[in-house]
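Novice: kindly return the folded structure for what I paste below:
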Amino acid sequence: MMHTQPDQIIGELQSAVQKGLLPTRHRAHGTAVLAHLTAPVRVAVLGRPNSGKTCVVNMLLGGDYIRLPQGLEYIQVIHGPAAQVTLSWPDGKAQRYEMAAAKPDGAQHATIELPLEALKTTAYCEVSLPAEPMRQQDILQNLSAFGQVFLWCSEAFDTEEQALWQNVSDEIKDHSFLVMTKADRQIMKGDLAERRATLELAAADAFLGLHPVATLHALKAQADADQSALWDASGGRGLAEAVQAQVRRGRAADLDQAEVLLAQLGKGVQAGGRATEAPALAGQPAVTPNTDETTLIGRLQDQLQTAAQEMLADLDAGKIPDAGGLLSRCSSTLRALTQTLTQEAAQDSEAAEMLADAQDGEETLMLLQVEQSPTAAEDAVVVLLQLKKEMGARATA
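Specialist: Here you go, the predicted model:
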C-alpha cells in the first residue's frame, strides 16, 4: 500500500502544489487532497437533544471537557494552546471566553479549543437536530460540512429516526456508526440483549456497525487508568477503536490519492524540490528501452488480470470488508503500471498511448477513492479489467 512515509508524501504534494508541478487538470484536486492531509479528520456526533451526544464526545476525548448547556445547534472541539470557547450568536456576534466563564445564553454555535494532543489529528463536532423538520433535513443533507466519520447517538433509534436517516446519502452511511447510548439503563432494566437485537436489524444496511455504550461507566473508566476492564465492558473501547480505524482509513485513502497525483509527474517530487526516478513495477525488474512491444503488453495484461482476479476472489470470500482497502489495492496496481509505461513511453509511441489510457484510469480511480463505497470498489476492479481489454485490442490491431 504505502511505499513512502506519510510526512514525506505530504511534503512532496505540498511542494508540487506550491510549484505548480501537477498537470493542470489535477491542480484543484491536489489542493483539496493536501487540505485534507494537513487538517484533522472530523468526527461528527449527531442525534436528537438529550440522546447522550456530549457524553460520547467526552468519552472519546478521555475526560469531562464539554460542559455547555443544551440549546446550541453544534459544538466544534478542536486543538488549541489553552482551554477556551468561542460562542457565536444568530446575529453574527462572536465572543471568546475561558471555559469556566462562558455565558452561552442564546448562542447558536460554540468552538471549544483544548490543548489535547489527540485533537491534532482528530477533531469533533457535536450536532443537535432541531425540532423543525425542514431544518433537520437541511442538516442531514449537508452532513459532509460537519465531518468525515459520523456517529448517530440514540437510545432506541425509533421509526422516526430511521426515516430521517433513510434520506442520508450512501457515502455518509458508509462512514457511520449507530451508537446505542445509555446502555447501562438497558442493563438495569434487563432488556439490553433484546434492544440490541432489534437495533442490529434496523442498522444492518444503514451503518457500518452498532455500538452499545454505557457512557457513564465509560467516562468513569477513562478517568481511572486502573479501570481497563470497565473500559472494555462499557463498550467505550470498542467504539473508540472503530472510530480511529475509520480515521486511519480516511487518512490512508487521502495518502493514496496524493501518491496517484504525484505519479502523474512521472517522477517523485521530494519536499526539497529534488526529483527522484520512479521505481520499477513491484516484483519485476526495471523495463529497459526498446523492450519488445508484444512482451510488454502481455506482461502488463497479466499484471492487471492477476490483480483483478485476486481482488474479486477476496471480495467473494469476504476478505476485504472495507471498500477503502480494495480501492487502495487498485490504485497501487494502476500506479505501478503507470510507472512502468512512463519509462517506456519516451521510446515507444504505442506505450505512450497506453500511458494516456492508464492515466485516464488513474483519474477515474481518484474519483472512486472520494466515494469510498462498495460499488466504487467494484467499479475500480472493472477499470483494471477494461484497461487490460484495451491493451489486448492494441496488441492485435
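Novice: so which elements touch the helix or strand where Gln14 lies?
Specialist: Using DSSP states H and E, Gln14 maps to helix 6-18. For helix 6-18, the contact count by 3 or more C-beta pairs under 8 Å, 6 or more residues apart in numbering; DSSP states H and E identifies helix 27-37, helix 236-263, strand 267-269 as packing neighbours. Where you see a C-beta, it was placed from the backbone N, CA and C, and this is true even at glycine.
Novice: how does this protein divide into domains?
Specialist: Following the assignment in automatic domain parsing, the chain carries domains at 41-234, 280-397.
Novice: surely Ser128 and Pro49 touch.
Specialist: Yes. Using C-beta atoms under 8 Å, Ser128 is in contact with Pro49, at 5.5 Å.
Novice: who touches both of these two?
Specialist: Gln70 (C-beta atoms under 8 Å, 6 or more residues apart in numbering).
Novice: higher neighbour count, these two?
Specialist: Neighbour count, other C-beta atoms under 10 Å: between Ser128 and Pro49, Ser128 has more, with 20 against 11.
Novice: for Ala83, see how far away the more buried one is.
Specialist: Ser128 sits 22 Å away from Ala83, taking C-beta to C-beta, to the nearest Å as the criterion.
Novice: circling back: mean pLDDT for the domains of the chain: which is lowest?
Specialist: Of all the domains of the chain, mean pLDDT reaches its minimum on domain 280-397 (a mean of 64).
Novice: element containing Pro69?
Specialist: Applying DSSP H and E, one finds Pro69 in no helix or strand.
Novice: what about it, distance to Thr86?
Specialist: 16 Å.
Novice: so these two - more neighbours on which side?
Specialist: Thr86 (17 against 9).
Novice: assumed that one was part of a strand.
Specialist: Yes. The assignment for Thr86, made by DSSP: H, G, I helix; E, B strand; the rest coil, places it in a strand.
Novice: from what I can see it touches Thr111, true?
Specialist: Yes. Contact criterion C-beta under 8 Å: Thr86 and Thr111 qualify, at 4.6 Å.
Novice: quick revisit: next, the angle helix 27-37 makes with the helix holding Gln14.
Specialist: For helix 6-18 against helix 27-37, the angle between stretch directions is 150 degrees (axes from the mean of the first three to the mean of the last three C-alpha atoms, to 10 degrees).
Novice: can you give me the buried ones in helix 6-18?
Specialist: Within helix 6-18, the residues that count as buried by 16 or more other C-beta atoms under 10 Å are 9-17.
Novice: any buried residues in stretch 169-181, and which?
Specialist: So stretch 169-181, judged by 16+ other C-beta under 10 Å, has buried residues 172-181.
Novice: which member of those residues is positioned nearest Ala197?
Specialist: Nearest to Ala197 among those, counting by C-beta to C-beta, is Met180 at 11.4 Å.
Novice: phi and psi next, for the closest one.
Specialist: phi -80, psi 100 (degrees, to the nearest 10).
Novice: could you shift the numbering so residue one becomes 46, and keep it that way?
Specialist: Sure thing, new numbering starts at 46, so read that last one as Met225.
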